[in-house]
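based on what follows, work out the 3D shape:
(chains A and B)
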2 protein chains.
Amino acid sequence: MPAQSVRVAAQDLRALATDILVAAGLTPNHARTITDAFIWANLRGIDAHGVVGLPRYLEMFEHEQANAHPSIDVQRIRHSTLLVDADRAPGPLALTVAMREAMPVARQTGVVWAAVRGTVHTGAIGYYTSMASAEGMAAIGIVAGAANTTSTSNGEAQSAGSVTTPFSIALPAQRHPDFLLDMATASLALGKITHAAGAGMSLALELLTSGISGNPLLSQFGAGANDDRQNATLVVVDVSAFLPVDDFRAIVDETIDAVTARPSMGDDAVPIPGARGAACYAERSRDGVPLPSEIWAALLDVAEGFDISVPEPMA
Amino acid sequence: MPAQSVRVAAQDLRALATDILVAAGLTPNHARTITDAFIWANLRGIDAHGVVGLPRYLEMFEHEQANAHPSIDVQRIRHSTLLVDADRAPGPLALTVAMREAMPVARQTGVVWAAVRGTVHTGAIGYYTSMASAEGMAAIGIVAGAANTTSTSNGEAQSAGSVTTPFSIALPAQRHPDFLLDMATASLALGKITHAAGAGMSLALELLTSGISGNPLLSQFGAGANDDRQNATLVVVDVSAFLPVDDFRAIVDETIDAVTARPSMGDDAVPIPGARGAACYAERSRDGVPLPSEIWAALLDVAEGFDISVPEPMA
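Numbers count the residues shown, from 1 in each chain, chains lettered A, B, ... in the order given. Model (predicted):
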């Protein structure tokens, strides 16, 4: 932890962030839903998707890049598919709603494919998939979006038209923390790819996600008013359709044991996705969320602007 | 094409391979199903999964590593999930059956998750997913398996306990050939990973596939009689549940156009998954399948052993 930082108790940070979003005009329910995603990211050590984003969210609401009063439309089309029109709700709201609606469908039919169209700033994709693993189900999450803006050589802003497709798989375990893969695939741009390896997968995930949601990002880049839009895919499988969930958890545990049990000399250590985040979550739940002083100061500024009382840091 | 090779017309090669499998005791229906997968691989240029494998298949049947008379059991559990017990049928049979059963379920409920357990030698995973894209649907395919055997320093054979998880996504296009990603993820072994990048994804796909099929490969490696077993996942989405399939095809076409339209100086060319295989398929359908002379001679030997008449090469 850098010298110039504070630690804030998770529940205090949660209350502060919720109060700020309510003061900015969101319903208490929407505010709590978004805040839960922020705090989860902070506790897991994914700070870029934590409360640091709060001032940016207020800007997005103010400039109507994101909708502070969205009417999220969830259509169940056929037995096992959901189409979720996010109405420009930010991801922590749209994808949480989508996952909450998706899980009962997976319980009923074994699997659900939920296409989310027209969200912005999806946040930490692992948060949504881990909602399913916490309920003993398996989930795949894909985000398509995050078009960037770069500058040309003469200093004029120009759209780069690039997309990234973060990808997550969450699986329930028992002795081990739930397995949680949260990876970035190659960035893909008009006319080029940032990394050749993985580009095919990025393109596949963009097509699968944006194609099925009917909201293409790459091909329509620059043609529309809003290039901040993102789409997402959530697939949930109720593993108990196939085998007792405790058997599945045991397979996950024993496979992790097998992969980590016998490291050979000179081999890389085997990182088990989700293990480090789970350890961080436990530590920060106990000791508080570390925040750089300038981030904390920015949050306090926002809170004071709304006349919200602010908590004391832990130390 | 190397000098020491022949070209054989695809229909002749198909007939020869089918005759050989029938002579080896398979039903004509099973023989044709397996042969179709071989010839597809040869036509697409994936020769390692083509007729070169035929002598090995006969050995597997003889030594009962693969079942020449399998009773493949397809259970529809809940509305949108299938559990396919392959009864040690080779992949070209088990996964073709699984995909044929899966597609009508996807039409009905929007998506299907099919878990295939206990197959061997899954072949070219892209063959099965492309069956769905040929019908205007999207498909994801995952294979878990291919445990290897290596030698120790004293020459004794020892199980390495490694798995690979080939991964495929097929999507229907219109002007362009169907999009067909067919990639290998990192190889994963007990106590080590071959490539650190992608290992998390390999582990996730192994757990997702072998866990849901209740047939763990890594954790049980060396404990059972048959370490050749493989499992597979097939997910099919009927995109017409979400939008008209022609709209989806147009998005795929236009996205491919956007990605390939403007290569910048110094950037890598953008490879579109499936394009090269489709071109190869067209060329070889017209000009025949090139086979190294020794492969062709081996097939003729097998055919003569069964007293099967053999076709003439094209040139």
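
now stretch A:174-185: how far from the chain's centre is it?
Distance of stretch A:174-185 from the chain centroid (Cα atoms, centre = their mean, to the nearest Å) equals 14 Å.

that one near chain B anywhere?
Yes. Legend: contact between stretch A:174-185 and chain B by Cβ under 8 Å from any Cβ of the partner chain is shown at A:179, A:181, A:183. For glycine as for every other residue, the C-beta is placed from the backbone atoms N, C-alpha and C.

which one of those is nearest chain B?
Lowest distance from chain B to these (Cβ to the nearest Cβ) belongs to A:Leu181, with 4.4 Å.

who's in contact with the strand or helix carrying the closest one?
Taking DSSP states H and E as the criterion, A:Leu181 maps to strand A:179-183. Strand A:179-183 has contacts (Cβ atoms under 8 Å, 6 or more residues apart in numbering or on different chains) with A:46, A:124-126, A:129-130, A:133, A:166-173, A:252, A:256, A:272-274, A:277-278, B:200-201, B:203-204, B:207.

picking that back up, can you pick the most crowded of the residues of stretch A:174-185 next to chain B?
A:Phe179 (28 neighbours; other Cβ atoms under 10 Å in any protein chain shown).

neighbours around A:Glu304, how many?
11.

before we move on, what about A:Ala86?
A:Ala86: 31 neighbours (other Cβ under 10 Å).

for A:Ser213, see how far away it is.
10 Å (Cβ to Cβ, to the nearest Å).

circling back: would you reformat the residues of stretch A:174-185 next to chain B as a markdown table and include pLDDT?
Output for these, formatted as a markdown table (pLDDT from 0 to 100):
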| residue | pLDDT |
| --- | --- |
| A:Phe179 | 97 |
| A:Leu181 | 95 |
| A:Met183 | 85 |
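
what's the domain layout of chain A?
A:1-63+A:285-315, A:72-273 (automatic domain parsing).

and these: which comes nearest B:Glu59?
Of all the domains of chain A, domain A:72-273 sits nearest to B:Glu59, with 29.2 Å by Cβ to Cβ.

okay, the closest residue to A:Arg7 other than its chain neighbours and A:Gln4: tell me how far apart.
In this structure, A:Arg7 finds its nearest non-sequential neighbour in A:Gly288, 3.5 Å apart by Cβ to Cβ, 6 or more residues apart in numbering or on different chains. Separation of A:Gly288 from A:Gln4 (Cβ to Cβ) stands at 16 Å.

phi, psi of the residue nearest to A:Gly211 when sequence neighbours are not counted?
Spatial nearest neighbour of A:Gly211, excluding adjacent residues (Cβ to Cβ, 6+ apart): B:Ile251 at 4.6 Å. Backbone torsions of B:Ile251, given as degrees, to the nearest 10, read phi -60, psi -40.

need the contact list for B:Ile251.
A:207, A:210-211, A:214, A:216, A:219 are the contacts of B:Ile251 under Cβ under 8 Å, 6+ apart.

what's the pLDDT at it?
Listed pLDDT for B:Ile251 reads 95.

part of a strand, is A:Val74?
Yes. Membership of A:Val74 in a strand is supported by DSSP: H, G, I helix; E, B strand; the rest coil.

surely it and A:Leu82 touch.
Yes. A:Val74 lies in contact with A:Leu82 (Cβ atoms under 8 Å); the separation is 6.0 Å.

neighbours of the residue nearest to A:Arg7, how many?
A:Gly288 has 21 nearby residues by other Cβ under 10 Å.

what sits against it?
Contacts of A:Gly288 (Cβ under 8 Å, 6+ apart): A:7-10, A:313-315.

chain A: strands as residue ranges?
A:5-8, A:73-77, A:81-85, A:111-119, A:138-144, A:149-151, A:157-159, A:162-163, A:167-171, A:179-183, A:188-189, A:192-193, A:230-237, A:289-292 (DSSP state E).

need the ones you listed in TSV (columns: distance to B:Ala241).
Formatted as TSV, the strands of chain A follow (distance: least, Cβ to Cβ, whole Å):
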stretch	distance to B:Ala241
strand A:5-8	45
strand A:73-77	5
strand A:81-85	5
strand A:111-119	8
strand A:138-144	17
strand A:149-151	34
strand A:157-159	32
strand A:162-163	24
strand A:167-171	22
strand A:179-183	27
strand A:188-189	26
strand A:192-193	30
strand A:230-237	13
strand A:289-292	41
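
which of the ones you listed sits closest to B:Ala282?
strand A:192-193 (25.8 Å).

who touches both of A:Val74 and A:Leu82?
A:98, A:101.

more crowded one of the two?
Using other Cβ under 10 Å as the criterion, A:Val74 and A:Leu82 rank with A:Leu82 on top: 22 against 17.

B:Ile142 versus A:Val116, what's the distance?
Counting by Cβ to Cβ - A:Val116 and B:Ile142 are separated by 23 Å.

how many residues are close by A:Asp247?
Quick note: A:Asp247 (other Cβ under 10 Å) scores 14 neighbours.

cool, A:Pro216 as well?
Neighbours of A:Pro216 using other Cβ under 10 Å come to 24.

close enough to count as contact, it and B:Thr255?
Yes. With contacts counted by Cβ under 8 Å, A:Pro216 reaches B:Thr255, the gap being 6.0 Å.

between those two, which contacts overlap?
Contacts common to A:Pro216 and B:Thr255, judged by Cβ under 8 Å, 6+ apart, are A:Ser210.

ok, longest helix in chain A?
Ranked by residue count, the top helix of chain A under DSSP state H comes out as helix A:91-109.

rewinding a little: quick one, the strand holding A:Leu181 and strand A:167-171 angle?
With axes from the mean of the first three to the mean of the last three Cα atoms, to 10 degrees as the basis, strand A:179-183 and strand A:167-171 are set at 180 degrees to each other.

partner strands of strand A:179-183, parallel or antiparallel?
The pairing partners recorded for strand A:179-183 under DSSP bridges are strand A:167-171 (antiparallel).

what residues does the partner strand touch?
Contacts of strand A:167-171 (Cβ under 8 Å, 6+ apart): A:125-126, A:128-130, A:132-133, A:138-143, A:178-185, A:205, A:248, A:252, A:273-274, B:201, B:204-205, B:207-208, B:211.

tell me the phi and psi of the closest residue to A:Phe61 other than its chain neighbours?
In space, and not counting its chain neighbours, A:Phe61 is closest to A:Ala68: 4.1 Å by Cβ to Cβ, 6+ apart. Here is the backbone geometry of A:Ala68 (degrees, to the nearest 10): phi -80, psi -20.

I figured A:Ala68 was touching A:Tyr57, is that so?
No. Judged on Cβ under 8 Å, A:Ala68 makes no contact with A:Tyr57 at a distance of 9.1 Å.

who has more neighbours, these two?
Neighbour tally, A:Ala68 and A:Tyr57, criterion other Cβ under 10 Å: the higher count belongs to A:Tyr57, 24 against 20.

okay, that one and A:Arg44: tell me how far apart.
In terms of Cβ to Cβ, A:Tyr57 sits 19 Å off from A:Arg44.

which among the contacts of strand A:167-171 count as buried?
A:125-126, A:128-130, A:132-133, A:138-143, A:178-183, A:185, A:205, A:248, A:252, A:273-274, B:201, B:204-205, B:207-208, B:211 (16 or more other Cβ atoms under 10 Å in any protein chain shown).

shaky segments in chain A?
A:1-3, A:146-162, A:186-197, A:221-227, A:262-270, A:315 (pLDDT under 70).
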